[in-house]
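Enquirer: Structure of the sequence below:
(chains A and B)
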There are 2 protein chains.
Amino acid sequence: MRTTETARDPYPSAEWLEATIEDLKELIRERADGFILNIIRELRPADLAILIRHLSKDERLYFFSLLEKQRAADVFTELDAPLQEELARSVGDQRLTEVIDEMDSDDATDVVAGLPEEVAEKVLENIEMEDSAEVRELLEHREDSAGGIMAKEFVAVNQNLTVDQAIQKIRHMAEEIEDIYNVFAVDDEGRLVGAVPLQELILARPGMKVQHIMDDNVVYVTTDVDQEEVARLFKKYDLVSIPVVDENRRLVGRITVDDIMDVIEEEANEDAQKVAGIIDLDLTETSPLKVSRSRLPWLVISFVGEIVNGLLMSRFEASLSKVLYIAFLVPLVMAIGGNVGNQSAIVIIRGLATGEVDIIEMGKRLRNELWVSLLLGVILAIGIYLVSGVWFGDFRLGFVIGVALLLVVINAAFIGTLLPFLLKRFNIDPAVATSPFISMSNDILGLLIYFGVVTIFLNWMA
Amino acid sequence: MRTTETARDPYPSAEWLEATIEDLKELIRERADGFILNIIRELRPADLAILIRHLSKDERLYFFSLLEKQRAADVFTELDAPLQEELARSVGDQRLTEVIDEMDSDDATDVVAGLPEEVAEKVLENIEMEDSAEVRELLEHREDSAGGIMAKEFVAVNQNLTVDQAIQKIRHMAEEIEDIYNVFAVDDEGRLVGAVPLQELILARPGMKVQHIMDDNVVYVTTDVDQEEVARLFKKYDLVSIPVVDENRRLVGRITVDDIMDVIEEEANEDAQKVAGIIDLDLTETSPLKVSRSRLPWLVISFVGEIVNGLLMSRFEASLSKVLYIAFLVPLVMAIGGNVGNQSAIVIIRGLATGEVDIIEMGKRLRNELWVSLLLGVILAIGIYLVSGVWFGDFRLGFVIGVALLLVVINAAFIGTLLPFLLKRFNIDPAVATSPFISMSNDILGLLIYFGVVTIFLNWMA
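Expert: Modelled structure (predicted):
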């Protein structure tokens, strides 16, 4: 048992967790509840979730039953969707209701949304009426909108209250609400008019009115704003929470920075999958059938595209049978074209994502990339001129291949730069510009340029 | 003038900013300071930074001179490194000193670290002594460590103080320190012993001792912990700030979540660049020479690799001249191998990054991916069997090509899955597993398998 280690360290190491899983499995087998509770006493929900993930289904169920309500709710929230679903189905409706009752409204909504309809309905009937109404309200919003990720737990005070009265109000609410960073000020109709950091409230004289110390230029969003836009605002304005309002500017929810971290991670996963041509897949999905289904479509498109590529190549059969060598450079032309295109695209994609590159800079960027590709292209062209001149014993052919490669490089950089801007203009995620579909098109264009230039030369020679 | 629009909207739209740049340029030409200040009055630092970025060098300098000290400091902090450098060199030492004096210690340190040594020394001599000492201390740490990104602005109270005394102390410090979310509790030696959310402090009875309401199981880091690990802790434990301690556990700094957002963005940029084979480049860098230099190394490696690939292909010249067709499928073999490998790699890379995949799951994941690749491989193999059978009029050759493609797919999936785990095990960023270097190695392996299998068949036929 390594329990003492966690007491000394600020957080458990991966090695400790790994070793603890084995201990835990044994203790569960022996039903040694006291030992188990002792090991996990100091652990935080996120670490408990890691342990749970590595248990078998039965071990998991037993372990979860040992946790007291609030802790069980916190751990449940940290689990991946497939595991949540599994546990929800196996713990029994009563325990499930009890656990969901302890969750914040946004987490409860996520869980309920993932349940089969009959179970969800039963849970909503059994949890406290107030919670149930909140969850039902939140379920109305699109999952990836501000309304879909907001929580109903926030502190709002009337702008006419004094600082002292506001603090009294917080005292009443703070038991139920975690992570209060800002208190939102509303008018008599419940419309958002400002925000006061908790810190300011402590500093201000007790008799002052909230409206005199609040920031009335507060960043807020309406419920329909996309979660990606909300994340952008958090990053841009260094926010820790943002108020969410309805179409009449009435305060209806709050989003905190920890939820935004999840959004950023989710979006990063989605982007990475787009780049790899994987359709909408949970990282933890392990069914080979489901995984294959999410990957196959792009592979098939790529398959068809490269067959077309082969057919195009076969049109140059005459050149190829004259000089078989030129086939040996096909991988080089494809790889260099692909790499140059990706390099250009990645810079623009990341720049657009972080705001460091602006869509109005397109002309400037294109000019820039053309210079860069001219420079890189000439260097690589000289390289291939020398290599193929020596290899094939024909420096005139080498020169022509060099010119072809230069054109391939310039073309790749141009497309790699232009495409993310165009996608952004049409509101498509620019990250798609490095997807297999695009690489395939680049392959075709690159080889057309290569074989085209070489064939013109060979014909001219003949 | 669209000034009224910002007053109504919670934040300015990209279109508004774009249009305002034109107005601003004209007003700067006319030196219409009153109008300028009126336009920007309600704007936040991040938006002012966007405006500044689109001005010319002279316009920028003039505009910056109009901002009062604190605002200038906030805006300066939001600018990209190259622009900070440009402004720092042109505003004059006195203004620069005055502006840096208004910054938080972490931001001031970043700015000073980017200045030429003589200018930096002059600034450090002229800013307030306390700030200067803090900046000098922070400069000692590695830029990408907890010490390198922490700020000296934090609130620490002795654990023996009462809640009331603690609040008094915050009142004294809060003028200088923004974004207080947690108050850190220390013992008589200044060692970190706990943390109290501001919210708890407001809730607690005034006479209670801090040590009785504090959380003594607080997550903290030492100054040498890598910033990526710090970011991981923020995400995992949903933190808004983390205390930083020295080797004796004495509290020396604090990192807040807005800095971590920047770290996440920085790391995402670095990852994307690694994937594209770009070496350490600022997204805003526009000098074609510098940009080319950062991209050339990988292109050259890829160039050399693909020449080797061509040389290997030329060893199969006999097969190729016998059946030229098989050259037409080279792009297909490369593309399918590359795509399958990337799909497998991306899932593991993202999984390891988010913690949803664990290094101890390697065996399970490999088995899984082998099943997936078997499934995908068989489907694609049947496809190529039919296509090449019809196309080349030889279904026996088609069958052999199908077998070759199946092996290529399984190999790619295997390597794509294994590599990120191995890299992680050796503490190398798993993201490298989709870099051009790896794709190049995959190209070579894939074509070797393809030509190898086909050649064995052709020889056996002969």
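
Enquirer: who's in contact with A:Ile301?
Expert: Taking C-beta atoms under 8 Å, 6 or more residues apart in numbering or on different chains, we find A:Ile301 in contact with A:277, A:436-437, A:440. C-betas here are computed from N, CA, C, even on glycine.

Enquirer: Look up how far A:Gly337 lies from A:Asn448.
Expert: I think there's a mix-up here, since residue A:448 is Leu and not Asn. Between A:Leu448 and A:Gly337 the computed distance is 11 Å (C-beta to C-beta, to the nearest Å).

Enquirer: For these two, indicate the residue with more neighbours.
Expert: A:Gly337 (27 against 17; other C-beta atoms under 10 Å in any protein chain shown).

Enquirer: Nearest residue to the middle of chain A?
Expert: Within chain A, the residue whose C-alpha comes closest to the C-alpha centroid is A:Glu267; the distance, by C-alpha atoms, centre = their mean, is 2.0 Å.

Enquirer: how far out from the middle of the chain is whichever strand or helix holds A:Ile21?
Expert: Element membership for A:Ile21 (DSSP states H and E) is helix A:14-29. Its chain's C-alpha centre and that of helix A:14-29 lie 31 Å apart, by C-alpha atoms, centre = their mean, to the nearest Å.

Enquirer: Spatially nearest residue to the residue nearest to the centre of chain A, not counting backbone neighbours?
Expert: A:Glu228 (5.9 Å; C-beta to C-beta, 6 or more residues apart in numbering or on different chains).

Enquirer: what residues does stretch A:74-94 touch?
Expert: The set of residues that contact stretch A:74-94 without belonging to it, under C-beta under 8 Å, 6+ apart, is A:45-46, A:48-49, A:52-53, A:57, A:60-61, A:64-65, A:67, A:96, A:99, A:103, A:107, A:110-111, A:114-116, A:119, A:122-123, A:126, A:282-285, B:356.

Enquirer: Among those, which ones are in helices?
Expert: Residues from those lying in helices, with DSSP state H as the criterion: A:45-46, A:48-49, A:52-53, A:57, A:60-61, A:64-65, A:96, A:99, A:107, A:110-111, A:114, A:119, A:122-123, A:126.

Enquirer: Out of those, which are close to chain B?
Expert: Filtering these for proximity to chain B (criterion: C-beta under 8 Å from any C-beta of the partner chain) leaves A:46, A:53.

Enquirer: Could you turn the buried ones of the ones in helices among the contacts of stretch A:74-94 into a PyMOL selection?
Expert: Typed into PyMOL, the line below selects the buried ones among those, using 16 or more other C-beta atoms under 10 Å in any protein chain shown:
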select buried, chain A and resi 45+46+48+49+52+53+60+61+64+96+99+107+110+111+123
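
Enquirer: Just the element for the residue nearest to A:Glu267, please.
Expert: Assigned by DSSP H and E, A:Glu228 falls in helix A:227-237.

Enquirer: Could you check the helix or strand A:Tyr385 falls within and say which residues are buried?
Expert: Using DSSP H and E, A:Tyr385 maps to helix A:362-392. Residues A:362, A:365-366, A:368-377, A:379-381, A:383-385, A:387-389, A:391-392 are the ones in helix A:362-392 that count as buried (16+ other C-beta under 10 Å).

Enquirer: about what we covered before: show me what the helix holding A:Glu228 is packed against.
Expert: Using 3 or more C-beta pairs under 8 Å, 6 or more residues apart in numbering or on different chains; DSSP states H and E as the contact criterion, the elements in contact with helix A:227-237 are helix A:146-149, strand A:221-222, strand A:241-245, helix A:257-276, helix B:257-276.

Enquirer: Of all the ones you listed, which one comes closest to A:Gly416?
Expert: Counting by C-beta to C-beta, A:Gly416 lies closest to helix B:257-276 out of the helices and strands packed on helix A:227-237; the figure is 9.6 Å.

Enquirer: Quick check: A:Ser184 is in a helix.
Expert: Quick fix: residue A:184 reads Phe, not Ser. No. Residue assignment for A:Phe184, taken from DSSP: H, G, I helix; E, B strand; the rest coil, gives strand, which places it outside any helix.

Enquirer: Now do the same contact list for it.
Expert: A:Phe184 sits next to A:154-157, A:192, A:194-195, A:218, A:243, A:251, A:254 when contact means C-beta under 8 Å, 6+ apart.

Enquirer: Beta-bridge partners for it, please?
Expert: A:Ala156, A:Ala195 (DSSP bridges).

Enquirer: How much space separates it from A:Arg44?
Expert: Separation of A:Phe184 from A:Arg44 (C-beta to C-beta): 29 Å.

Enquirer: Equivalent analysis for A:Met362, please.
Expert: Look at A:Met362 and A:Arg44: by C-beta to C-beta, they are 47 Å apart.

Enquirer: Poorly predicted segments of chain A, please.
Expert: Segments of chain A classed as low confidence (criterion: pLDDT under 70) are A:1-8, A:462.

Enquirer: Tell me which residues touch A:Leu96, please.
Expert: A:Leu96 is in contact with A:88, A:119, A:123, counting by C-beta under 8 Å, 6+ apart.

Enquirer: Please state the offset of stretch A:136-148 from the chain centre?
Expert: The offset between the C-alpha centroid of stretch A:136-148 and the centroid of the whole chain comes to 18 Å, using C-alpha atoms, centre = their mean.

Enquirer: surely A:Ala433 meets A:Leu419?
Expert: Yes. At 4.4 Å, A:Ala433 and A:Leu419 qualify as touching, with contact defined as C-beta atoms under 8 Å.

Enquirer: A:Val99 touches A:Arg71, doesn't it?
Expert: No. Between A:Val99 and A:Arg71 there is no contact, the gap being 9.6 Å when judged by C-beta under 8 Å.

Enquirer: What residues does the stretch 351-462 of chain A have near chain B?
Expert: Within the stretch 351-462 of chain A, the residues that sit near chain B (C-beta under 8 Å from any C-beta) are A:351, A:353-360, A:364, A:368, A:371-372, A:375-376, A:379-380, A:383-384, A:387, A:434, A:436, A:439-440, A:443, A:447.

Enquirer: rerun at 6 Å
Expert: Applying C-beta under 6 Å from any C-beta of the partner chain, one finds that the stretch 351-462 of chain A approaches chain B through A:351, A:354, A:356, A:360, A:368, A:371-372, A:375-376, A:387, A:436, A:443.

Enquirer: before we move on, what about the stretch 101-250 of chain A?
Expert: Proximity of the stretch 101-250 of chain A to chain B, by C-beta under 6 Å from any C-beta, involves residues A:171, A:174, A:180-181, A:198-199, A:203, A:217, A:219-220, A:235-238, A:240.

Enquirer: change it to 8 Å
Expert: Counting by C-beta under 8 Å from any C-beta, the residues of the stretch 101-250 of chain A lying close to chain B are A:167, A:170-171, A:174-175, A:179-181, A:197-199, A:201-203, A:217-221, A:233-240.
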